[in-house]
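Trainee: Sequence and computational prediction follow.
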Amino acid sequence: MIKLVVSDVDGTLLKSGESEIPEEALRVIHELKEKGVLFAAASGRPYADLKHLFGKVAEDIAFIASDGAFISYKSQAIAKFPIEKETGFEFMREIYMETDAEVALYGAYMSYIIPKRESFAAYFRNTVRGHIETVSCMHRVEDEYLKIGIFHEADVEKHAGAIASYWNGRLHPVYSSKNWLEYTAAGVHKGAGLDKLIKTFDIAPEEVLAFGDNQNDREMLELAGCSYAMSRAPQEIKRLCGYETQNPVETIRALVL
C-alpha cells in the first residue's frame, strides 16, 4: 500500500516552459490528502520558492528542498543538512576569485548572490522566486549554507569545472547542466532527504511511489519501493527505475486513487 508519493518538480510535475503547477496536479494532491496519502515535492529549488509554487496546497504537503538539504511539513522544519560554513565559504571564495563564474548561495528562505555582471543578477531574480539578497561578502551571511550554485552563461564546466572538481568529497555535486553546477554538503541529496522524511512518518521504503527525471533524483528513485522515470529521462535513470511514465498525475490516479 502506497503511503507517500514523492515527485521531482522541474521536468516532472512541471514540463519545460511551465511556471505554475497544473491544476490537475493540485487536484490530485488534494485527493491524496483526502485518502490519507502524503505527497512530497522534491526539488533543487529552495524551500521559499517551492512553498510559493505550490500555493494553496503548500500546507498539505511535505517538501524536500535544496536537493535534500531542507525537509519540512506544514511550515515546520523536520531537518536541515547545511554545508559547514568555513568549507562553503572557502569553496565560494575560490570559485569567485579564480574563475569567471558566478556564485549563488541558498538558505531556506533567502538566496544570496555577489554578481560580477548585472545580466546574472537580472537572470537570477527572474529565475529564483522568493527573497534574494545581494551581498558584498558571503562571510557576512548568517543564514545556513544549504546549497551552493556556480553559474556561467556560456559553459560552466569549461570555466569552473576543473577547480570545482577538487571539492568533490568535501561537498556533494548534486546537479550539473551547461550553465550550472550545484553542491550540497557531503552525503546530502534527495535520497537522504526522503530517508529522513519516511523515518519521521514511520513509512517503509516499500510504501513510497517516486517520480523523477534527472541525475539529482537518482538516490531518491533508488530508495523508493516503486519508482517511475519520465520518458524523456536519461537512460541511466530509466535503468534504475522499474517503470516509465509521460504523465505522473495520470500514473498516480491509476495506482493510488
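Mentor: Good, I have the coordinates.
Trainee: Show me the strands in the protein, by range?
Mentor: 4-8, 38-42, 62-65, 70-73, 76-80, 102-106, 110-113, 131-134, 147-151, 171-176, 180-185, 208-212, 226-230, 243-245 (DSSP state E).
Trainee: any idea which of those scores lowest on pLDDT?
Mentor: If you rank the strands of the chain by mean pLDDT, strand 131-134 sits at the bottom with a mean of 90.
Trainee: Residue 232 reaches residue 212, doesn't it?
Mentor: No. Shown here, residue 232 and residue 212 do not form a contact pair, counting by C-beta atoms under 8 Å, at 11.7 Å. Where you see a C-beta, it was placed from the backbone N, CA and C, and this is true even at glycine.
Trainee: Looking at those two, which has the bigger crowd around it?
Mentor: Applying other C-beta atoms under 10 Å to residue 232 and residue 212 shows that residue 212 carries more neighbours, namely 29 against 14.
Trainee: so who does that one touch?
Mentor: When contacts are counted by C-beta atoms under 8 Å, 6 or more residues apart in numbering, residue 212 is found next to 7-8, 12, 42, 190, 218, 220-221, 227-230, 233, 237, 241.
Trainee: And residue 194, by the same measure?
Mentor: By C-beta under 8 Å, 6+ apart, the contact set of residue 194 is 6, 40, 42, 64, 68, 208, 210, 219-220, 223-224.
Trainee: one more time with 10 Å, if that's ok
Mentor: Residues in contact with residue 194, defined by C-beta atoms under 10 Å, 6 or more residues apart in numbering, are 4, 6, 40, 42, 62, 64, 68, 71, 203, 205, 208, 210, 219-224.
Trainee: So what does the spatially most central residue of the chain have for phi and psi?
Mentor: Here the mean C-alpha position of the chain is nearest to the C-alpha of residue 44 (C-alpha atoms, centre = their mean), at a distance of 1.7 Å. With angles defined as degrees, to the nearest 10, residue 44 sits at phi -80, psi -10.
Trainee: For residue 242, see how far away the closest residue to it other than its chain neighbours is.
Mentor: Nearest in space to residue 44, with sequence neighbours left out and distances taken as C-beta to C-beta, 6 or more residues apart in numbering, is residue 67 at 4.7 Å. Residue 67 sits 23 Å away from residue 242, taking C-beta to C-beta, to the nearest Å as the criterion.
Trainee: what about those two, which has more around it?
Mentor: Counted by other C-beta under 10 Å, residue 67 and residue 242 do not tie: residue 67 has more neighbours, with 31 against 12.
Trainee: Could you list the low-pLDDT ranges of this structure?
Mentor: Applying pLDDT under 70 to the predicted model, the residue ranges of the chain that meet it are 129-130.
Trainee: domain parsing for it?
Mentor: Following automatic domain parsing, one finds the domains of the chain at 4-81+188-255, 85-185.
Trainee: So residue 53 is in contact with residue 22, correct?
Mentor: No. Using C-beta atoms under 10 Å, residue 53 is not in contact with residue 22; the gap is 11.7 Å.
Trainee: Overlap in contacts, the two.
Mentor: With contacts defined as C-beta under 10 Å, 6+ apart, the residues adjacent to both residue 53 and residue 22 are 13-14.
Trainee: Please say which of the two ends up with more neighbours.
Mentor: Neighbour tally, residue 53 and residue 22, criterion other C-beta under 10 Å: the higher count belongs to residue 53, 20 against 13.
Trainee: Nearest spatial neighbour of the more buried one, chain-adjacent residues omitted?
Mentor: residue 21 (6.2 Å).
Trainee: one step back: if we take the contacts of residue 212, which one ends up nearest to residue 26?
Mentor: Using C-beta to C-beta, residue 7 is the member of the contacts of residue 212 that sits closest to residue 26, with 12.7 Å.
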